[in-house]
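Student: can't give you the sequence, but here's the structure:
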């Protein structure tokens with residue numbers, strides 16, 4: 001009366017049971033937004049084999065051979081390390097060999113400290129945040145790449161230190177952290193200060209016993225850390241306004257005023 005055929009209706013599997021195995025995944029990390037093209041190697045892969053990363057099916061999976069499957073990672077709401085598993089319907093699997101894929105957190109900056117330093121660079125700055133990846137993270141101050149990026153333990157993905165570069169001119173700059181999965185910008189987070197200059201003193205003389213109130217005029221007199229008279233350190237000093245301050249030096253009262 002005729003012939004009926006069901007294509008692919010019966011599966012012959014390998015003598016070892018045909019359970020799919022996972023040996024490796026490349027690359028081993030990607031963003032939580034998904035879309036990372038990955039290649040999974042293993043064994044006993046067939047057209048119906050399903051690969052899951054963190055329990056979610058590989059997107060647009062394609063079986064290239066009994067040992068290779070390719071596809072794209074799905075998005076996840078929880079960054080971190082997840083297992084890579086595989087199974088074949090009617091055979092089983094969900095075989096976990098310990099292979100892992102890491103969803104790296106989106107890079108972010110929560111703080112930059114200290115927030116100022118000399119124009120010549122060389123200030124060691126600590127940056128707190130998320131998503132710092134060793135070997136793939138770069139830091140920029142005002143568009144100039146910093147050097148000596150060090151990832152701090154015990155949470156190297158959340159804290160790093162970096163040495164500021166030399167800048168062409170003073171002022172506030174953005175701090176930017178960039179890796180393979182995005183970037184974060186802390187606007188106007190660091191101020192480069194030009195060296196101070198002194199133009200005049202008022203008055204420019206006083207008694208050896210000190211006690212003379214002196215105004216010091218100049219430029220870049222911001223966040224002054226020391227004032228000396230002929231090498232003699234000031235006793236104390238304090239701010240007296242937005243760009244000026246007061247200083248006490250060897251019994252002589254000194255007020256500095258910046259432009």
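Tutor: In hand now; what should we look at? In this text, all values refer to a predicted model and were calculated from it rather than measured experimentally. Numbers count the residues shown, from 1 in each chain.
Student: Give me the contact list for the longest strand along the chain.
Tutor: Longest strand of the chain, by residue count under DSSP state E: strand 182-193. Contacts with strand 182-193, where a contact means Cβ atoms under 8 Å, 6 or more residues apart in numbering, come from 31, 106-109, 112, 115-119, 125, 129, 131, 141-142, 164, 167, 169-177, 220, 222-223. (Each C-beta comes from the backbone N, C-alpha and C, glycine too.)
Student: Which helix or strand lies directly C-terminal to that strand?
Tutor: Later in the chain than strand 182-193, the nearest helix or strand by DSSP states H and E is strand 197-202.
Student: Would you mind pulling up the elements that that following strand packs against?
Tutor: With contacts taken as 3 or more Cβ pairs under 8 Å, 6 or more residues apart in numbering; DSSP states H and E, strand 197-202 sits against strand 214-219.
Student: and the angle from the strand it packs on to strand 197-202?
Tutor: Here strand 214-219 runs at an angle of 150 degrees relative to strand 197-202 (axes from the mean of the first three to the mean of the last three Cα atoms, to 10 degrees).
Student: For the longest strand of the chain, buried residues please.
Tutor: 183-184, 186, 189-190, 192-193 (16 or more other Cβ atoms under 10 Å).
Student: Sheet partners, orientation included, of that strand?
Tutor: Each strand paired with strand 182-193, and its direction, by DSSP bridges: strand 116-118 (parallel), strand 171-179 (antiparallel).
Student: for those strands, which one sits closest to residue 60?
Tutor: Of all the strands paired with strand 182-193, it is strand 171-179 that lies closest to residue 60, at 25.3 Å by Cβ to Cβ.
Student: Please identify the deepest-packed of the strands paired with strand 182-193.
Tutor: Mean neighbours per residue, mean count of other Cβ atoms under 10 Å, is largest over the strands paired with strand 182-193 for strand 171-179, with a mean of 19.
Student: What is the least confident helix or strand in the chain?
Tutor: strand 244-249 (a mean of 46; mean pLDDT, DSSP states H and E).
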